[in-house]
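In: generate coordinates for the sequence data below:
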Amino acid sequence: MFIKCGVLVNVTWSCLCDFSLHEEIEDFYNYMCPTVEEHELRVNVVRRIEKVVLSLWQDATVEIFGSFRTGLYLPTRYALK
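Out: Prediction:
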């Protein structure tokens, strides 16, 4: 596959479909990824909770688990609806 004058040349339909699917998956991933602001908001909430827990139990260990720890959480803009 190559581009000649802005047009794809020597491309099979299958190749175009694969390329389109790849772009669609990337677009969806980028759309669903939390923004920097959303991530910072969650990090700040975790820090606040950790501060409260440690003020009550100095020997405690606070650990994040689940989708936030793995980075697979939905953005806040969808959780609030």
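
In: CA atoms for contacts and neighbours, from now on please.
Out: Will do.

In: can you give me the distance of the closest residue to Glu50 other than its chain neighbours to Tyr73?
Out: Once flanking residues are discounted, Glu50 sits nearest to Val62: 6.0 Å by Cα to Cα, 6 or more residues apart in numbering. Counting by Cα to Cα, to the nearest Å, the gap from Val62 to Tyr73 is 19 Å.

In: go on, Phe65?
Out: In terms of Cα to Cα, Phe65 sits 11 Å off from Tyr73.

In: those two - which one has more neighbours?
Out: Per other Cα atoms under 10 Å, whichever of Phe65 and Tyr73 has more neighbours is Tyr73, with 15 against 8.

In: that one and Leu56, how far apart?
Out: 28 Å.

In: so what's Val43 up against?
Out: By Cα atoms under 8 Å, 6 or more residues apart in numbering, Val43 lies in contact with nothing.

In: could I get the buried residue list for stretch 32-41?
Out: Buried residues in stretch 32-41, counted by 16 or more other Cα atoms under 10 Å: Cys33, Pro34, His39.

In: kindly provide the distance from the last one to Tyr73.
Out: Distance of His39 to Tyr73, given as Cα to Cα: 10 Å.
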